[in-house]
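Asker: A predicted structure for the sequence below; I have some questions about it.
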Amino acid sequence: APLDVVATSPSLGALVRAVAGERLEPTILAGPERDLHQLQAKPSMMRALRDADLVVAIGAELEVGWLPAAIAGAANPAIQPGRDGYFEAAAQVELLDVGGPADRALGDVHPVGNPHVDLDPVRMARIAAALAERLARLDPAGAEIYRSGAAVFAQAVEQRVADWRARLAGAPGVLLYHRDAIYLLDRFGVPLLGTIESTPGVPPSGQDLLDLTAKLKGRAGVVIQAPYQSPQAPAKLARDLGWRLERLPLAPPLEADGTGYLEHIERWVEAIAAARP
Amino acid sequence: MCAPDPRPLLQLDALVAGYARPVVGPVSLWLARGEVLGLWGPNGTGKSTLLKAIGRSARVFSGCIELESGATLAHLDQQPVRLPAMPVTGRELLRAAGARPEEPERTGRLPDVLAPLLKRRIDRLSGGQYQLLWVWSALATGADLVLLDEPTNNLDPANRAALIEILGRERDGRGVLIVSHDHDFLERVCSRLLEARDTGLVEVRTARGPGS
Amino acid sequence: MCAPDPRPLLQLDALVAGYARPVVGPVSLWLARGEVLGLWGPNGTGKSTLLKAIGRSARVFSGCIELESGATLAHLDQQPVRLPAMPVTGRELLRAAGARPEEPERTGRLPDVLAPLLKRRIDRLSGGQYQLLWVWSALATGADLVLLDEPTNNLDPANRAALIEILGRERDGRGVLIVSHDHDFLERVCSRLLEARDTGLVEVRTARGPGS
Amino acid sequence: MSEMLFDPLFQLPLLTGLLLAGLLPVLGALAMLRDEWLAALGLAHLASASALLGQVLGVPALIGATLGALGGGAIKTFLAARGNIAYGFMILAGWSATLLIGANTALGEQLARSLVEGQLYFAGIAELAAGLLLLALCIRYLPRLMRPVLRARFFPRYETANRLAAWRWHLGLDLLTAGGLAIGTLTLGLMGTFALVLVPAWIAFRLAPSWRWTLIGASLTGVVGYLLAFVAALELDQPFGPVLVGGLLGPALLTGWLGRPARFG
Amino acid sequence: MSEMLFDPLFQLPLLTGLLLAGLLPVLGALAMLRDEWLAALGLAHLASASALLGQVLGVPALIGATLGALGGGAIKTFLAARGNIAYGFMILAGWSATLLIGANTALGEQLARSLVEGQLYFAGIAELAAGLLLLALCIRYLPRLMRPVLRARFFPRYETANRLAAWRWHLGLDLLTAGGLAIGTLTLGLMGTFALVLVPAWIAFRLAPSWRWTLIGASLTGVVGYLLAFVAALELDQPFGPVLVGGLLGPALLTGWLGRPARFG
Ligand SMILES: Nc1ncnc2c1ncn2[C@@H]1O[C@H](COP(=O)(O)OP(=O)(O)OP(=O)(O)O)[C@@H](O)[C@H]1O
Ligand SMILES: Nc1ncnc2c1ncn2[C@@H]1O[C@H](COP(=O)(O)OP(=O)(O)OP(=O)(O)O)[C@@H](O)[C@H]1O
Ligand SMILES: [Mg+2]
Ligand SMILES: [Mg+2]
Ligand SMILES: [Zn+2]
């Protein structure tokens, strides 16, 4: 392959495949079941980073616990932040939750804005375009492929967004564990009914649970959590509220491409739409 | 000298015992019920190791230890167990050892000095107070064979005398094996006295002969 | 009775000491350099507590303790510290105490029995072997005042005699305060002997008078 | 405040926690006697590892975790490992196994910890039942375990000397501890369980006049600390675990300060 | 294999880790002597709490964590708290503080932990420098701390009796331990540090003929275990921390098995 591309998450790996097709085969550092906030390094990860021409990260400090240290340790000048070899998805689009805790009652935010942009297909299409430009700069010979790949992906997204919007219109809403799906909800106007944790990593207090149950009792909705999040609180709330509990990964499977990514969004849409009473 | 009882309570036969390496033996001895056997000898000759071997906590390299089947043992270490903060009273300690301080008829009369100590936390007893409690705990259990290691440490003359008196009453069918450097004490309480020498254990005459 | 030295090394004045509550006193005594002072009395009368008070680890309720300024103390507990697994040799233990086993001219000659033990791990010494090492560690430090609590525990007659000899040599300008139940031992090593009675401390005559 | 305390939503958790706050300090006093107060942390790490392993093999997390904790207790008996150091090794073994399983399967290691940790406010009828089971086991077995435990501590040679089937009661106690701490961790969370095992026993060891009162005192300290923390957590809207720890550390500091080494003069 | 070991990518981590694998077991032997091998866990919990608090106040996580660990050491000296139990209380205090800060400010708790925990493969020149600093401090201060430490263990009354400024060397050792463990945690991660403190010292305590050889043996065990783990982790492509723990637990089990209580007969 003309470029060694390393992606931190399978969403970004899928995006690289969508843009580059067969031309590039990204190395993906974390599976969809992993929590990108924290990751244990394997030697292969360090080798991948050393040999990489481009690192595609989500950014906005999502990977701050390990990626900067790993990049520094890999001593690869090409992929240092600020260089062409370092690409941050979150830097390509406007972020939600910027500027501090907007609404404490709905839970906490990441300090520089919410980084979990990869669940918004529209933003991902925009990121794909930026990624295509970056790839084109690093590998001019493939520029055409990349640009057309991004365009095809954007088209595919556009095609499906209308359908998804229709299916999600009037969806009663979602109770999340962490604010990790707000881009998707925001895109389709689905209400975020609350987050189970009031701060990342901090178990909900009794009052939180009481408030959530009191507020949501009698309404319709669905509880969605990532596979790595603590199952007890979501299970209890789902039981108390009589809602369905869905465990959905934040990212598509490791081998996903553009289509696989859209399939992944499709699963989310289905789960949210099914909550309609 | 003949055994007062044809089947001894304890019999060691050319026993060699130790830890990673043997440190004592070969030793042969026997002890019958009703006897108080004393053992003395220089520091480091392996007396405590011998007791530990009988108490199954040292390694036996060769020879054998025969104990009357079903006989129970009470084995006290040379250094009493004292722990920094232990909220346990003397009475609770005795009960844990298997003694019944409430039933003197079963375990013998409690020494007078001990009675007031039974209500106190053992980490607040003086060295001698704890020593006496410790030794008594072994005697009051009703074990068939009692192994005592330096029981007179820390005892004042009065308590030492009390211990001599208690051990004098111990002739009722159990066996006691005492290691001590207090020769006078051994002379007074033991029916037989063995001395550890380089050549092995040697029997020494005592004031109280067998069965006296 | 007059003080051999106008300024005593240690002077207790109506000292009342204890733990949560007072357990001993009021006690008055003094000790001059060159003296070996013995203290004996029944179990639980507060002898160890008195030593601890002098060693600043028991509470002083009233009275006072005056120590010659700059004088250093070595204080040994009644029960030697023995820990389950301790990979420390006798020599390392002595060094930790502040003794210099290599420099006999400074700390006095090492007892013969101790020499072979210095290379061994202290958790593999017998009760008496460790006891002698422990007591020697206090004497070999060069402390001005040495407080010993029951130093003869666990010692065989030979080692006890060795200890008596060592203490006999200790008259060179330091003070030693020994608590023991071994009256004969105290008689042999002490220049003065105090007995703890209900009425307080009483001076007892000894074979070796002051300065003998 | 009182209406919160009597909010039916919190009644089951309150009751379940109360039961555990009375029982865990008793297990804690036994653990403190054996110098094994680290048990909660050691077993929890093993339990996370085995919960995760269980998921790989398709066993429900709860069963995997419980088997892990009980297995830890059994292995400890089997190796005749005693004291906190045994639990120190358990922490290491469990933790590294968790990370290795996490790094090599599709199960994140994050999940492992959350699988075995409960939160008091989620306690339902299952947790209450587990607590009652623990109570029953304690009432049935603790009285007969008490003597051998004390004896092994103060007369370690007796057991060996009499070829007592010592492993039987060691196993009994190790399993009871493992089971009790597992139930505690599933209900109160790891930190609350660790605190209830360590702190009340530590206080009681300093103040109690006897072993009997140590057990009673530890249990009472646990219950009082628990009730205060429950009210405080609701009032101040805080997570329960850390508030419980705070509520117990306060009295501990006070005890430590009162019982500080006597000064000279 | 050998070409992997000499891959320049892993040379700096290899070297830095090697340094720590030689030093931490020495601190571990001292901790084991004082019965304080839980230090790594206790200090790490305090360090995360103070890293988080630092972030609230705008202090970088690394500085906050280091101050927290050193502060923990200092508080321990100040309260004259000794033994593992002091670190048990530190675990509770640090942990609950972390959760409470997390619950009441806008900072994620998990993030704080991952910020103060290093991973060996990330080690760069800064970590090597920290390791060298630790080496220098150990060479400078350990020899003079050794005697008071042994003395305090075997002759606890001497210090009190002589009004020695005991707090000075206690503080020195507590700070050196805290600093050393902080550097270890930042480089090797918490688990690797805990393992290097606990396991080699435990093995050496069983086998060494003297204190001198305890220190040497612990250090060598640490280095050998480390090198084996390094190679194994590269070969098997695994995260380093858990492999190191595995590499150290193996010899420990062997030692434990060889030194098992002698059986009767
Ligand atoms: N745990 C051990 N490992 C190895 N050797 C030991 C151990 N304990 C004692 N020894 C050695 O075994 C020998 C016998 O020790 P033991 O304690 O049996 O002597 P003892 O006759 O009881 O002496 P004492 O009168 O001093 O108590 C001594 O040389 C001692 O150093
Ligand atoms: N830590 C403690 N707390 C409270 N009381 C104690 C403590 N240690 C000892 N005592 C009590 O203080 C009194 C004096 O004890 P001390 O140890 O000083 O006696 P002693 O004269 O040394 O006795 P022995 O000859 O038995 O060693 C005893 O009644 C004892 O029970
Ligand atoms: Mg002996
Ligand atoms: Mg005394
Ligand atoms: Zn997030």
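Answerer: Structure's in. What do you need? Keep in mind that what you see is a predicted model, and the values were worked out from it rather than measured. Ligands and ions are numbered 1, 2, ... in the order given.
Asker: when you work out contacts or count neighbours from here on, use the C-alpha atoms and nothing else.
Answerer: Fine.
Asker: lowest average confidence, helix or strand, in chain B?
Answerer: Taking mean pLDDT, DSSP states H and E as the measure, chain B has helix B:104-107 as its least confident helix or strand, at a mean of 55.
Asker: helix or strand right after that one?
Answerer: As assigned by DSSP states H and E, the chain's next helix or strand after helix B:104-107 is helix B:127-139.
Asker: export the next helix or strand after that next one to PDB, keeping only CA atoms.
Answerer: Moving toward the C-terminus from helix B:127-139, the next helix or strand (DSSP H and E) is strand B:145-149. Listed in PDB are the C-alpha atoms of strand B:145-149, where the atom choice follows Å, rounded to 0.1, in the frame of the first residue of the first chain:
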ATOM      1  CA  LEU B 145       0.500 -34.800  76.400                       C
ATOM      2  CA  VAL B 146       1.600 -31.300  77.200                       C
ATOM      3  CA  LEU B 147       4.800 -29.800  75.700                       C
ATOM      4  CA  LEU B 148       6.200 -26.800  77.600                       C
ATOM      5  CA  ASP B 149       9.200 -24.800  76.400                       C
END
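Asker: ok, residues contacting strand B:145-149?
Answerer: B:9, B:48, B:51, B:71-78, B:135, B:138-139, B:174-180 (C-alpha atoms under 8 Å, 6 or more residues apart in numbering or on different chains).
Asker: mind checking which of these land in helices?
Answerer: B:48, B:51, B:135, B:138-139 (DSSP state H).
Asker: measure residue A:10 to residue A:256 for me?
Answerer: When distance is defined by C-alpha to C-alpha, to the nearest Å, residue A:10 is 7 Å away from residue A:256.
Asker: excluding sequence neighbours, find me the nearest residue to residue 132.
Answerer: Using chain A. residue A:146 (4.9 Å; C-alpha to C-alpha, 6 or more residues apart in numbering or on different chains).
Asker: other chain: chain D
Answerer: Excluding the flanking residues, the one nearest residue D:132 by C-alpha to C-alpha, 6+ apart is residue D:19, at 7.7 Å.
Asker: now name the helix or strand holding residue A:223.
Answerer: Residue A:223 is part of strand A:222-225, with elements assigned from DSSP H and E.
Asker: buried residues in the helix or strand in which residue D:41 is found?
Answerer: Residue D:41 belongs to helix D:39-57 when assigned by DSSP H and E. Across helix D:39-57, burial judged by 16 or more other C-alpha atoms under 10 Å in any protein chain shown covers D:39-55.
Asker: give the next helix or strand downstream of the longest helix anywhere in chain A.
Answerer: Assignment by DSSP H gives helix A:143-168 as the longest helix of chain A. Scanning forward in sequence from helix A:143-168 by DSSP H and E, the next helix or strand is strand A:174-176.
Asker: same question for the helix or strand just after that next one: list its buried residues.
Answerer: On the C-terminal side of strand A:174-176, the closest following helix or strand by DSSP H and E is helix A:182-188. The neighbour-count check on helix A:182-188 (16+ other C-alpha under 10 Å) flags A:182-185, A:188 as buried.
Asker: just to revisit the earlier point, residue A:10 and residue A:256: which is more packed in?
Answerer: residue A:10 (27 against 21; other C-alpha atoms under 10 Å in any protein chain shown).
Asker: picking up where we left off before, isn't the residue nearest to residue A:132 up against residue A:20?
Answerer: Yes. Residue A:146 lies in contact with residue A:20 (C-alpha atoms under 8 Å); the separation is 5.1 Å.
Asker: which neighbours do the two share?
Answerer: Taking C-alpha under 8 Å, 6+ apart as the criterion, residue A:146 and residue A:20 both touch residue A:132.
Asker: need the nearest residue in space to residue B:32, chain neighbours excluded.
Answerer: residue B:8 (4.4 Å).
Asker: please look at that neighbour and residue B:35 and confirm they touch.
Answerer: No. At 10.1 Å, residue B:8 does not count as touching residue B:35 under the criterion of C-alpha under 8 Å.
Asker: more crowded one of the two?
Answerer: It is residue B:35, of residue B:8 and residue B:35, that has more neighbours when counted by other C-alpha under 10 Å, with 24 against 17.
Asker: please name the bridge partners of the residue nearest to the more buried one when sequence neighbours are not counted.
Answerer: Distance criterion C-alpha to C-alpha, 6+ apart; nearest residue to residue B:35, sequence neighbours excluded, is residue B:175 at 5.2 Å. Taking DSSP bridges as the rule, residue B:175 bridges to residue B:145.
Asker: let me see the contact set for residue B:175.
Answerer: Applying C-alpha under 8 Å, 6+ apart, the residues contacting residue B:175 are B:9, B:31-37, B:144-146.
Asker: which stretches of chain A have low pLDDT?
Answerer: A:99-111, A:199-203, A:205-206 (pLDDT under 70).
Asker: please enumerate the strands of it.
Answerer: All strands of chain A, identified by DSSP state E, fall at A:5-7, A:27-28, A:54-57, A:86-88, A:174-176, A:192-195, A:222-225, A:244-247.
Asker: kindly write the PyMOL command that selects the buried subset of the contacts of strand B:145-149.
Answerer: Selection of buried members from those for PyMOL, criterion 16+ other C-alpha under 10 Å:
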select buried, chain B and resi 9+48+51+72+73+74+75+76+77+78+135+138+139+174+175+176+177+178+179+180
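Asker: excluding sequence neighbours, find me the nearest residue to the one residue in chain D that gets nearest to ligand 1.
Answerer: Residue nearest to ligand 1 within chain D: residue D:157 (14.1 Å; C-alpha to the nearest ligand atom). Spatial nearest neighbour of residue D:157, excluding adjacent residues (C-alpha to C-alpha, 6+ apart): residue B:75 at 5.9 Å.
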